[in-house]
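S.K.: I would like to see how this sequence folds:
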Amino acid sequence: MKALTRFVCYLVLVAMVLTACAPAATAVTEPTKASIQEVTLVVWDVLASPGETAIIEKLQTDFLAAHPGVKIDRNAKSFDDMKATAKLGLSSPDGPDVAQINQGLSDMGALVKAGLLENLTPYAQKYGWDKKISGGLIARNSFSTDGKMFGQGNLYGVSPTSELVGVFYRKDKFEEYGLNIPKTFAEFEDILKTLKEKGETPIVAGGLGGLAATHFYAEILNVYLSDRAYLDDLIFARNDQSWDTEVQQKAAEKLQEWTENGYFTKGFEGTSYDDQGSLLENGDAVMMLAGSWWSSTLAASPISEKFGFFMLPPENEGAYKMTVGGTSPAYAIRANSTKKTLAAEYINWMISESSAKVWANNGTIPLTYVDPSTMPAGSLIADLLTAWNTINQKDEVGHYLDWATPTFWDTLTASLEELMAFKITPEEFTMKLETDYSAYLTSLK
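M.R.: The predicted model follows:
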């Protein structure tokens with residue numbers, strides 16, 4: 001009996017030892033919220049309009065739900081403010097981990113040259129961005145490592161949305177005056193004349209900052225170009241092209257003619273670019289020749305069904321015509337960020353298929369393809385998706401002219417201000433552009 005008792009005690013002792021050595025049950029449970037290391041991702045973007053802010057807040061909320069412990073410190077800036085503050089911010093160890101940077105030598109190229117942007121090529125390969133984005137659009141965010149050569153080298157930015165410059169219009173006003181979507185440039189100018197005669201302001205214009213004028217001039221110039229070779233060469237500094245040409249002067253003359261005819265908002269020189277959408281909504285103008293980034297704001301309007309969109313037409317119906325476009329300012333990663341992996345995950349989230357549907361459903365053209373037939377028939381976003389697909393498939397996506405040199409934005413906007421104020425002639429205007437461009441070409445040698 002005593003032996004049996006000792007054996008039972010032995011079994012109990014072995015069981016106690018094995019139990020003590022077993023892993024605790026809590027080791028296989030989900031980590032508590034307090035156990036997750038919190039990290040803050042600092043994001044600067046130019047999605048500052050009410051409509052854009054609503055979209056980005058929705059996407060960020062979804063991102064945070066999928067990334068426990070992450071917080072986002074977002075700073076929404078105007079386009080001009082981002083241009084003015086990006087370099088200083090990206091130079092700071094406390095600066096943005098992710099920032100939306102304008103393409104071109106004067107912005108992205110200068111930041112690459114300064115060593116402030118991370119090479120995103122490895123992330124593009126990891127996440128398949130290079131399969132979502134066409135080669136031509138990848139080129140617009142690519143530079144040599146020294147920032148001098150544009151359109152080649154490493155990828156430094158990925159844009160969340162696509163964009164093009166065209167004509168937003170009031171459907172109700174077109175119906176009131178019996179106007180149809182123009183198929184030629186002459187028909188478009190007939191619309192300008194008719195609206196002016198009816199006492200309407202044909203085109204809303206916010207002249208402060210110069211952005212609107214760059215779109216007016218670039219779109220008129222595109223009407224007079226028969227193919228893309230000349231402008232491609234100018235933008236990518238190839239084949240010794242010149243800005244001081246007859247076609248450039250012809251476009252400058254047409255812009256002065258429109259100004260003299262009163263086709264733009266009265267007092268546009270002192271009107272903010274950010275006020276253009278509300279002016280169109282309030283009926284202070286019938287059309288707005290501007291970028292598709294305005295679509296989310298107009299889609300959120302109480303009268304959103306009254307807005308439509310068409311591209312500025314070519315001289316001859318069906319002829320080749322580039323349209324200013326491409327992608328929005330691109331998400332870039334600060335080179336000295338300690339959160340590069342998370343920053344790349346953020347960018348990948350913003351261009352995912354699920355995010356693309358959110359962008360499109362809120363009136364913005366996403367980078368990732370969305371079939372326009374899935375949108376409400378006759379809606380503004382359906383117009384925009386159709387227009388984008390057309391120019392993308394026909395290789396008619398044009399350029400933003402300020403990409404030409406690191407200093408071209410300042411030269412172009414200042415010269416356009418003088419041109420539209422009739423302080424300089426079209427010939428003097430093109431010479432100012434050529435002087436800037438020639439100096440840049442010399443610096444490359």
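S.K.: What values do phi and psi take at Pro366?
M.R.: Per-residue torsions, Pro366: phi -80, psi 160 (degrees, to the nearest 10).
S.K.: For it, give its distance to Leu385.
M.R.: Using CB to CB, to the nearest Å, Pro366 is found at 9 Å from Leu385. Backbone N, C-alpha and C define where each C-beta goes, glycine included.
S.K.: Which residue ranges of the stretch 101-250 of the chain form strands?
M.R.: 142-143, 154-155, 162-170 (DSSP state E, counting those that start in this stretch).
S.K.: Is it possible to get these out as a markdown table so that each row also shows distance to Glu118 and mean neighbour count?
M.R.: Listed next are these as a markdown table, based on distance: least, CB to CB, whole Å; neighbours: other CB atoms under 10 Å:
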| stretch | distance to Glu118 | mean neighbour count |
| --- | --- | --- |
| strand 142-143 | 12 | 25 |
| strand 154-155 | 9 | 20 |
| strand 162-170 | 23 | 24 |
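S.K.: At the geometric centre of this structure, which residue sits there?
M.R.: Ser328 (1.2 Å; CA atoms, centre = their mean).
S.K.: Now do stretch 306-318, average pLDDT.
M.R.: For stretch 306-318, mean pLDDT rounds to 96.
S.K.: what about it, distance to the chain center?
M.R.: Its chain's C-alpha centre and that of stretch 306-318 lie 21 Å apart, by CA atoms, centre = their mean, to the nearest Å.
S.K.: wait, Thr430 sits on Trp243?
M.R.: Yes. Counting by CB atoms under 8 Å, Thr430 does reach Trp243; the two are 5.6 Å apart.
S.K.: List the residues that contact Lys71.
M.R.: Counting by CB atoms under 8 Å, 6 or more residues apart in numbering, Lys71 touches 38-41, 64.
S.K.: and if you look at Phe174?
M.R.: Counting by CB under 8 Å, 6+ apart, Phe174 touches 180, 286, 308.
S.K.: now Asp275
M.R.: Asp275 touches Gly206, counting by CB under 8 Å, 6+ apart.
S.K.: Which of the contacts of Phe174 ranks first by neighbour count?
M.R.: Among the contacts of Phe174, Val286 has the most neighbours (other CB atoms under 10 Å), with 27 neighbours.
S.K.: In this structure that one contacts Leu195, no?
M.R.: Yes. Assessed by CB under 8 Å, Val286 is found in contact with Leu195 at 5.3 Å.
S.K.: Which neighbours do the two have in common?
M.R.: With CB under 8 Å, 6+ apart, Val286 and Leu195 have common neighbours 173, 201-202.
S.K.: Tell me the most packed of these, by neighbour count.
M.R.: Result: Pro202 is most packed of these (other CB under 10 Å), 25 neighbours.
S.K.: what's the domain layout of this protein?
M.R.: 37-162+328-380, 163-324+386-444 (automatic domain parsing).
S.K.: Enumerate every residue touching Val158.
M.R.: Neighbour list for Val158: 120, 124, 129, 133, 141, 330-331, 347, 351, 367 [criterion: CB under 8 Å, 6+ apart].
S.K.: switch to 10 Å and redo it
M.R.: By CB atoms under 10 Å, 6 or more residues apart in numbering, the residues touching Val158 are 120, 123-124, 127, 129-130, 132-133, 137-138, 141, 327, 330-333, 344, 347-348, 350-351, 367.
S.K.: Now stretch 236-256: buried residues?
M.R.: Of the residues in stretch 236-256, 236-237, 241, 243-244, 248-256 count as buried by neighbour count, 16 or more other CB atoms under 10 Å.
S.K.: any chance of those residues in JSON lines, with pLDDT and distance to Lys87 too?
M.R.: Below are these laid out as JSON lines (pLDDT from 0 to 100; distance: CB to CB, whole Å):
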{"residue": "Phe236", "pLDDT": "86", "distance to Lys87": "23"}
{"residue": "Ala237", "pLDDT": "89", "distance to Lys87": "22"}
{"residue": "Gln241", "pLDDT": "94", "distance to Lys87": "29"}
{"residue": "Trp243", "pLDDT": "98", "distance to Lys87": "26"}
{"residue": "Asp244", "pLDDT": "97", "distance to Lys87": "31"}
{"residue": "Gln248", "pLDDT": "98", "distance to Lys87": "30"}
{"residue": "Gln249", "pLDDT": "98", "distance to Lys87": "34"}
{"residue": "Lys250", "pLDDT": "98", "distance to Lys87": "36"}
{"residue": "Ala251", "pLDDT": "98", "distance to Lys87": "32"}
{"residue": "Ala252", "pLDDT": "98", "distance to Lys87": "31"}
{"residue": "Glu253", "pLDDT": "98", "distance to Lys87": "37"}
{"residue": "Lys254", "pLDDT": "98", "distance to Lys87": "36"}
{"residue": "Leu255", "pLDDT": "98", "distance to Lys87": "31"}
{"residue": "Gln256", "pLDDT": "98", "distance to Lys87": "35"}
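S.K.: out of those residues, who's nearest Ala110?
M.R.: Ala237 (15.1 Å; CB to CB).
S.K.: check contacts around the closest one.
M.R.: 105, 148-151, 404-405, 437, 440-441, 444.
S.K.: Can you select the buried ones among those residues for me in PyMOL?
M.R.: Selection of buried members from the contacts of Ala237 for PyMOL, criterion 16+ other CB under 10 Å:
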select buried, resi 105+148+149+150+151+404+405+437+440
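S.K.: re the thing from before, can you list phi and psi of the residue nearest to the centre of the chain for me?
M.R.: phi -70, psi 170.
S.K.: And the one 5 residues further on, by the same measure?
M.R.: In this entry, Ile333 is assigned phi and psi values of phi -110, psi 130 (degrees, to the nearest 10).
S.K.: What about it, how many residues nearby?
M.R.: Using other CB under 10 Å, the number of residues around Ile333 comes to 27.
S.K.: Distance of it relative to Ala54?
M.R.: The value you get for Ile333 to Ala54, if CB to CB is used, is 25 Å.
S.K.: Can you list the low-confidence ranges for the chain?
M.R.: Applying pLDDT under 70 to the chain flags residues 1-37.
S.K.: of the shared contacts of Val286 and Leu195, closest to Ile191?
M.R.: Nearest member of the shared contacts of Val286 and Leu195 to Ile191, counting by CB to CB, is Pro202, at 7.3 Å.
S.K.: The closest one and Tyr263 touch, don't they?
M.R.: Yes. Contact criterion CB atoms under 10 Å: Pro202 and Tyr263 qualify, at 4.6 Å.
S.K.: Identify the contacts common to those two.
M.R.: 189, 192-193, 195-196, 285, 287, 289.
S.K.: out of these, which one sits closest to Gln100?
M.R.: Set against Gln100, the nearest of the shared contacts of Pro202 and Tyr263 by CB to CB is Leu289 (23.2 Å).
S.K.: so the closest one makes contact with Leu255?
M.R.: No. Between Leu289 and Leu255 there is no contact under CB under 10 Å: 11.2 Å.
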